[in-house]
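Undergrad: Task: produce atomic coordinates for the following.
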Amino acid sequence: ALEKQKEYIACLRNERDMLREELADLQKTAKTGEKHGLVIIPDGTPNGDVSHEPVVGAITVVSQEAAQVLESAGEGPLDVRLRKLAGEKEELLSQIRKLQLQLQEERQKCSRNDGTVGDLAGLQNGSDLQFIEMQ
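TA: Numbers count the residues shown, from 1 in each chain. Next up, the predicted model:
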């Protein structure tokens with residue numbers, strides 16, 4: 001019975017030591033700036049090559065610029081922040097399409113009024129030679 005108890009205690013000690021090491025690793029990663037499973041790699045690292053050993057758990061290696069973008073997306077898990085950024089991107093793309101259509105309509109109006117395809121670069125600043133001549 002004592003032998004079985006010694007084996008059981010040895011297993012518990014091994015498990016305790018492993019948990020202590022894992023805790024030390026987690027505390028070390030918390031001090032080095034990893035947030036939400038993100039490892040920020042320094043600028044100038046070719047192809048994102050990182051020479052560190054993988055840490056237990058899901059970790060994503062990103063550049064500093066990408067980390068800043070993700071941090072600006074708010075709090076929460078990575079997938080929630082990525083969905084938010086994707087939604088913002090879709091909104092901006094639809095706004096760009098809408099503005100391009102408006103620009104096309106304005107160009108068509110200009111070409112109908114002048115009889116020729118007008119140059120919008122001159123219209124942007126206000127004083128166009130054609131308008132001055134017409135006056």
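Undergrad: contacts, neighbours, all on C-alpha from now
TA: OK.
Undergrad: Could you name the helices and strands sitting against the top helix by length along the chain?
TA: Counting residues, the longest helix found in the chain (DSSP state H) is helix 78-114. Here helix 78-114 touches helix 64-72, going by 3 or more CA pairs under 8 Å, 6 or more residues apart in numbering; DSSP states H and E.
Undergrad: for the helix it packs on, what is the average pLDDT?
TA: Average pLDDT, helix 64-72: 79.
Undergrad: ok and it relative to helix 78-114, angle-wise?
TA: With axes from the mean of the first three to the mean of the last three CA atoms, to 10 degrees defining the directions, helix 64-72 sits at 100 degrees from helix 78-114.
Undergrad: Helix 64-72 - contacts with which helices or strands?
TA: strand 38-41, helix 78-114.
Undergrad: Nearest to L129, out of the ones you listed?
TA: Evaluated with CA to CA, those place helix 78-114 nearest to L129, the distance being 12.7 Å.
Undergrad: mind listing what's buried in the closest one?
TA: 78, 81, 85, 107, 110 (16 or more other CA atoms under 10 Å).
Undergrad: now swap in stretch 67-77 and tell me
TA: For stretch 67-77, the neighbour count (16+ other CA under 10 Å) marks 67, 70, 73 as buried.
Undergrad: Out of those residues, the closest to L99 would be?
TA: Nearest to L99 out of those is A73 (CA to CA; 25.2 Å).
Undergrad: Contacts only, for that closest one.
TA: Going by CA atoms under 8 Å, 6 or more residues apart in numbering, A73 touches 81-82, 84-85.
Undergrad: Let's have these in a markdown table, adding distance to Q5 and pLDDT.
TA: A markdown table is the format used below for the contacts of A73 (distance: CA to CA, whole Å; pLDDT from 0 to 100):
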| residue | distance to Q5 | pLDDT |
| --- | --- | --- |
| R81 | 50 | 82 |
| L82 | 51 | 85 |
| K84 | 54 | 87 |
| L85 | 56 | 87 |
